[in-house]
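In: predicted model and sequence follow; I will ask about them next.
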Amino acid sequence: ASSTLDSISCRARIVAHNPHVNAFVHVSPPPSASSTTSALAEKSIAIKESICTKDMPTGCASAMLHDFRPPYDATVVRLLREAGADIIGKTNCDEFGMGSMNTHTIHGPVINPFGTSAHYSSSPLTSNAHSNPPERSAGGSSGGSAAAVAAGMCYAALGTDTGGSTRLPASYCGVVGLKPSYGLLSRWGVVSFADSLDCVGVLARRVCDVRTVFDALNVYDPRDPTAALPEIRAMARDTSRRRVNEIDWAGGRLDGLRIGVPQEYFPSEMAAAVIAPVQRVLAALKARGAQVVPVGMPSTLYTLSAYYVLASAEASSCLARFDGVQYGTHVRPPVGTDLSTSGVGKLYAESRSAGFGREVQKRILLGTYALSAGAFDNYFLQAQRVRELVKRDFRKVFMMQDYRQEVDFDVEAGHSDGSGAGVDVLLHPSAIQGPPLVKEKGLGGVAGYVQDVLTVPASLAGVAALSVPMAAGDAGPVGVSVVGQWGAEELVLAVGQVIE
Ligand code: GLN
């Protein structure tokens, strides 16, 4: 289906539907026909506004960077261009990636195309266009990227995922979203939100298309100091590939495949509409010979709180560079202010108050507090401890080793003595609900953070996670997540492909 969308028809759909969907904030002129035959030749790919693109706006949906046009491409964008892709434009998002509904943006909210006339008819999930549908959120923070894919405005899109920002909008819009293992895709040229969590994410309508884009980007980049080293990537990839080759994916039987279902991922707040599709998928996998085993992830309960402390603490540091002098919107303090004394602080304060939106200011305050001398032990340190426990939960359940780690003798991985669960992947709902209404009451502030409860564990652990669109009722689409060990993308994508 995606082959019918060339760069011209994608642009035509943007003209027709973007005024309502509001996914794109910038569209590039169509490329001249090229003769490359690479996998991405002439495929139109949209880029989140927080990823640098030469001569295209990269404003992070913020007044702070509203006129920023980088003179260079991020590594991931350069790789796409080298593979022949058409960089079709820049997509709307939550400011600096902070949000779950794509409503914290200077460009105005993104409207979920699902159930509207903008929804692309060849998507895997069909929707009946209602004449006057309620405006549903596309999810955030990469809502523009997910909506652009769902509306057939591009072949694929890049987002970022710090705590779920690729998987949540994918789930809400009915498309596929991959958060790769931390450190696989280069962050060079990607504007930081929280450095130890930020990943570039890939969105497309089909798992095979996500795989094609991921493969083009999955190369070591020496310019990213947090990039995983080539030897480690190779070990994880080879182990994961060996495991893929042991299972008879094409033959219809999945004997030997072990799927874990984390018992803590079904909180009481979860909508019934979200549970049924997971049960259906699990039953189908079992019928084909896969083993489905319940697993315990006891730290899940504390993960969301730890995430918001850590992400905000890192954000307060990552965003310190936007001072209105070196970077960002510059607002002059009142005439007559003595800049040699406290006036400099006034200059920063004026610029940062004018440049950052409310949600970003809230995170900076929260993060600065968590790092302050009096609060450090109770908040930041405590959250770091939780992060270690979360990582340990994942290491315990997976059969595959975590190649980033020295061997940890306290943790019995499933493959060593059978005491662990020894699963290939975990399977769980991507979100606790379908897409909320854009104007939904009660989802402002902290209540909105609960939407991320099922996506943040894989972020804290840095492991591979894929959301696959599953079913859609009247309340919109829901996704199922497939989560694998660090570097197990081939396995995760193989499972994604059999369940889509
Ligand atoms: N919704 C989460 C937050 O606001 C995650 C965002 C993200 O992954 N960029 O922090």
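Out: That came in fine, so what should we check first?
In: C-alpha from now on. contacts and neighbour counts both.
Out: Will do.
In: contact residues of the stretch 301-450 of the chain facing the ligand?
Out: Contact residues (Cα under 6 Å from any ligand atom) of the stretch 301-450 of the chain with the ligand: there are none.
In: tell me where the stretch 251-400 of the chain has strands.
Out: For the stretch 251-400 of the chain, the strands defined by DSSP state E, counting those that start in this stretch occupy 258-262, 291-295.
In: now, of the ones you listed, which is deepest in the fold?
Out: With neighbours taken as mean count of other Cα atoms under 10 Å, those reach their highest mean count in strand 258-262, at a mean of 22.
In: and it, which strands flank it?
Out: strand 291-295 (parallel), strand 425-429 (parallel) (DSSP bridges).
In: do you know which of those lies nearest A157?
Out: Closest approach to A157 among these (Cα to Cα): strand 425-429, 22.3 Å.
In: ok, and what's touching the following helix or strand past that closest one?
Out: Sequence order places helix 445-449 as the next helix or strand after strand 425-429, per DSSP states H and E. Contacts with helix 445-449, where a contact means Cα atoms under 8 Å, 6 or more residues apart in numbering, come from 99-100, 442.
In: for the strands of the stretch 251-400 of the chain, which one sits closest to V274?
Out: The nearest among these, by Cα to Cα, is strand 258-262 at 14.5 Å.
In: possible to save the strands paired with strand 258-262 as a markdown table with mean pLDDT?
Out: Converted to a markdown table, those look like this (pLDDT from 0 to 100):
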| stretch | mean pLDDT |
| --- | --- |
| strand 291-295 | 97 |
| strand 425-429 | 98 |
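In: redo the ones you listed as a markdown table? Include distance to L389.
Out: Compiled in a markdown table, the strands paired with strand 258-262 are given as follows (distance: least, Cα to Cα, whole Å):
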| stretch | distance to L389 |
| --- | --- |
| strand 291-295 | 15 |
| strand 425-429 | 17 |
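In: among those strands, which comes closest to Q451?
Out: strand 425-429 (11.6 Å).
In: with only the CA atoms kept, save the closest one in CSV.
Out: The C-alpha coordinates for strand 425-429 follow below in CSV (Å, rounded to 0.1, in the frame of the first residue of the first chain):
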residue,chain,number,x,y,z
VAL,A,425,10.2,-10.7,24.5
LEU,A,426,7.6,-9.1,26.7
LEU,A,427,4.2,-8.3,25.4
HIS,A,428,1.8,-5.7,26.9
PRO,A,429,-0.6,-2.9,26.0
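In: which among the strands of the stretch 251-400 of the chain is found nearest to the ligand?
Out: strand 258-262 (21.0 Å; Cα to the nearest ligand atom).
In: residue contacts, the residue nearest to R253 when sequence neighbours are not counted?
Out: Closest residue to R253 apart from its sequence neighbours, by Cα to Cα, 6 or more residues apart in numbering: R288 at 4.9 Å. R288 is in contact with 252-255, counting by Cα under 8 Å, 6+ apart.
In: for Q451, same thing?
Out: 100, 431-433.
In: what residue ranges in this protein score low on pLDDT?
Out: 1-3, 34-35, 406-420 (pLDDT under 70).
In: domain ranges for it, per the record?
Out: Following automatic domain parsing, one finds the domains of the chain at 2-240+428-499, 302-379.
In: of the strands of the stretch 251-400 of the chain, which is nearest P30?
Out: Using Cα to Cα, the strands of the stretch 251-400 of the chain put strand 258-262 closest to P30, at 44.0 Å.
In: measure stretch 335-346 end to end?
Out: One end of stretch 335-346 sits 12 Å from the other (Cα to Cα, to the nearest Å).
In: what residues does the stretch 101-250 of the chain put near the ligand?
Out: 141, 161-165.
In: name the SS class of the residue lying closest to L168 once chain neighbours are set aside, please.
Out: Excluding the flanking residues, the one nearest L168 by Cα to Cα, 6+ apart is G139, at 6.0 Å. Under DSSP: H, G, I helix; E, B strand; the rest coil, G139 falls in the coil class.
In: ok, G139 to P169 distance?
Out: Counting by Cα to Cα, the gap from G139 to P169 is 4 Å.
In: okay, and the common contacts of the two?
Out: With Cα under 8 Å, 6+ apart, G139 and P169 have common neighbours 100-101.
In: show me what contacts the nearest residue to T455 once chain neighbours are set aside?
Out: Of all residues not flanking T455 in the chain, G164 sits nearest, at 4.9 Å (Cα to Cα, 6+ apart). By Cα under 8 Å, 6+ apart, G164 lies in contact with 179, 452, 455-456, 459.
In: same question, R13
Out: R13 touches 151-153, counting by Cα under 8 Å, 6+ apart.
In: please redo it, this time with the cut-off set to 7 Å
Out: 152-153 (Cα atoms under 7 Å, 6 or more residues apart in numbering).
In: what secondary structure does it sit in?
Out: helix.
In: that older thread, tabulate the contacts of G164 (a markdown table), appending distance to V309 and neighbour count.
Out: Shown next, in a markdown table, are the contacts of G164 (distance: Cα to Cα, whole Å; neighbours: other Cα atoms under 10 Å):
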| residue | distance to V309 | neighbour count |
| --- | --- | --- |
| K179 | 21 | 33 |
| D452 | 14 | 23 |
| T455 | 16 | 29 |
| V456 | 12 | 24 |
| S459 | 14 | 28 |
